[in-house]
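> any chance you can model this:
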Amino acid sequence: MANFKLNISDSKGHSATKELKDADALPLIGLQIGSEIEASAAGLDGRLAITGGSDKSGVPMRPDVHGAARKRVLLSRGVGLRDAEKGERVRKLLRGNQVSEEIYQVNCRLLDAELPAPEPAEGGGEQPGK
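Numbering: from 1, shown residues only. This next block holds a predicted model:
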């Protein structure tokens, strides 16, 4: 079955990580980058927009590569390519824009809501008087 690590960010710059396993992960399979789903799948209010992700070996998803398979794509800029000089093109291995069982990490943006504030850890600070 599918297991996903959801990286969720909001408009304020806060982020959270949720782990989705088996039946909870099924609604994500088949969706594409840019698709929106209900955030209740991750235990939040609002909607989630899929912005990207990567597979188990770290190969990134790219919005303009169709399908769910790995493909060797000729790039001049954008997702999956760093520091290309002007006019340079590089063939890189990328994953398509569709979420499949091979995807490990899914990046999402929380729409219509904000992430709840994290609770401060108790007893983790320094002790007074020492």
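> can you say which helix or strand has the spatially most central residue of the chain in it?
In the chain, the residue lying closest to the centroid (CA atoms, centre = their mean) is Asn107, at 1.4 Å. Using DSSP states H and E, the element containing Asn107 is strand 103-111.
> so how far is stretch 37-50 off the chain centroid?
Using CA atoms, centre = their mean, to the nearest Å, the mean C-alpha position of stretch 37-50 is found 13 Å from that of the whole chain.
> show residues contacting that stretch.
Here stretch 37-50 makes contact (CB atoms under 8 Å, 6 or more residues apart in numbering) with 6, 8, 18, 20, 24, 27-28, 31-36, 99, 106-113, 115. Where C-beta positions appear, they are placed from N, C-alpha and C, glycine not excepted.
> mind doing that once more with 7 Å?
For stretch 37-50, contacts defined as CB atoms under 7 Å, 6 or more residues apart in numbering pick out 6, 8, 18, 20, 24, 27, 31, 33-36, 99, 106, 108-113.
> stretch 107-120 now?
Outside stretch 107-120, the residues within contact range by CB under 7 Å, 6+ apart are 6-10, 12, 14, 16, 36, 39, 44-53.
> just the strands in the protein please.
Remark: strands assigned in the chain by DSSP state E are 3-9, 15-21, 36-38, 47-55, 70-75, 90-95, 103-111.
> dump these to JSON lines, plus distance to Asp83.
As requested, those are arranged in JSON lines below (distance: least, CB to CB, whole Å):
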{"stretch": "strand 3-9", "distance to Asp83": "24"}
{"stretch": "strand 15-21", "distance to Asp83": "25"}
{"stretch": "strand 36-38", "distance to Asp83": "33"}
{"stretch": "strand 47-55", "distance to Asp83": "19"}
{"stretch": "strand 70-75", "distance to Asp83": "12"}
{"stretch": "strand 90-95", "distance to Asp83": "10"}
{"stretch": "strand 103-111", "distance to Asp83": "22"}
